[in-house]
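Participant: Can you look at this prediction? I've put the sequence above it.
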Amino acid sequence: MAAKTTKATKAKKAKKAKKLAIKKTAKKAVAKKSSVKKAVKKSANKSGKRKPASNAVKKAANKQIKNKPAEKSAWKISPENIRSVVELDIWKKGDLTIEFAKVYRSGWIIVNQLPDLSGYNPAEGINIFEEFEFDEHQLDDGSQADSVFPNELPSEERERLINLSESELAEEGWTLESVTRFSGPLLVEQV
C-alpha cells in the first residue's frame with residue numbers, strides 16, 4: 001500500500017507539473033498575442049485611423065491659437081540729411097539764458113506706431129523727446145557744442161560758465177531744459 005501511495009503521489013506531482021508547464025506556455029502565448037495586438041493597433045493608427053479629439057483637447061488647441069501674439073511692427077525715424085540732429089541744452093537762472101548746441105552727424109529713433117508727420121515742417125524740425133514715445137534712439141558723432149550767452153554777461157563769466165560741468169551749473173542755481181531736434185526731410189522705415 002505504501003507503494004501505491006507513492007505512485008499515486010508521483011502521478012499527482014507529474015500531473016501538477018504538466019499543468020504548470022501548460023499554464024506557462026499559455027501565458028507566454030497570450031503575452032505574444034497582446035504585443036502583436038498592440039503592434040496592429042499602432043499600425044492602424046498610423047494609417048490614418050484615429051479617435052476624434054476630446055473637447056478638452058480642442059479647447060486647449062483653440063486657446064493656443066487665440067493667445068498667439070500679434071506681429072508688432074516698429075518704425076525707424078531719422079533725418080535724411082547729415083548734420084540734421086541738434087541737441088540743445090538751455091540753462092536758465094532768473095532772467096539769464098545760456099544755450100549750448102551740439103550738432104550730430106546722424107541719429108535715429110524707433111517708435112511702435114507709424115507716426116503722423118502731416119504737419120511736420122522740415123525747416124522748423126521736431127523735438128523728438130516731446131513728440132514721440134520711443135524706447136530706442138541713437139545719436140552719432142557729435143561735434144563741439146556752440147554756445148550763446150546773453151550780452152550782459154562779461155567774457156570772464158562766460159569762460160567760467162563754459163568750463164563748469166552740468167552738476168556745477170545746477171549747484172549754482174541754473175536749471176536745465178534739454179531739446180533734441182531732427183530737422184530737414186525725414187526717413188520713415190518699417191523695421
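Facilitator: The structure has been received and is ready for your questions. It should be emphasised that the depicted structure is a prediction, and the values quoted were computed from it without experimental measurement.
Participant: Give the next helix or strand downstream of whatever helix or strand Glu136 lives in.
Facilitator: Secondary structure from DSSP states H and E places Glu136 in strand 134-142. Per DSSP H and E, the first helix or strand lying C-terminal to strand 134-142 is strand 146-148.
Participant: Okay, now the unreliable bits of the chain?
Facilitator: In the predicted model, the chain carries pLDDT under 70 at residues 1-12, 14-54, 56-72, 144.
Participant: what does the domain assignment say about it?
Facilitator: For the chain, the structural domains run 2-66, 75-190, going by automatic domain parsing.
Participant: For stretch 158-165, C-alpha coordinates in PDB please.
Facilitator: Coordinates of the C-alpha atoms in stretch 158-165 are reproduced here as PDB (Å, rounded to 0.1, in the frame of the first residue of the first chain):
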ATOM      1  CA  ARG A 158      31.200 133.300 -20.000                       C
ATOM      2  CA  GLU A 159      34.500 131.400 -19.900                       C
ATOM      3  CA  ARG A 160      33.900 130.400 -16.300                       C
ATOM      4  CA  LEU A 161      30.400 129.000 -17.100                       C
ATOM      5  CA  ILE A 162      31.600 127.100 -20.200                       C
ATOM      6  CA  ASN A 163      34.200 125.300 -18.100                       C
ATOM      7  CA  LEU A 164      31.600 124.200 -15.400                       C
ATOM      8  CA  SER A 165      30.100 120.800 -15.500                       C
END
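Participant: Please list the outside residues in contact with it.
Facilitator: Residues from elsewhere that reach stretch 158-165 (C-beta atoms under 8 Å, 6 or more residues apart in numbering): 98, 147, 149, 153, 169, 172. Heads up, the C-betas are built off the backbone N, CA and C, glycines and all.
Participant: Could you work out the most separated pair of the residues you listed?
Facilitator: Spatial extent of those (C-beta to C-beta) is set by the pair Ser147 and Glu172 at 16.2 Å.
Participant: Which of the two has more residues huddled nearby?
Facilitator: Between Ser147 and Glu172, Ser147 has the larger neighbour count (other C-beta atoms under 10 Å), namely 14 against 10.
Participant: can you pull up the bridge partners for that one?
Facilitator: Judged by DSSP bridges, the bridge partners of Ser147 are Phe100.
Participant: Can you give me the distance of it to Leu88?
Facilitator: According to C-beta to C-beta, to the nearest Å, Ser147 stands 11 Å off from Leu88.
Participant: Can you check which residues contact both of those two?
Facilitator: Common contacts of Ser147 and Leu88, defined by C-beta under 8 Å, 6+ apart, comprise 99-101.
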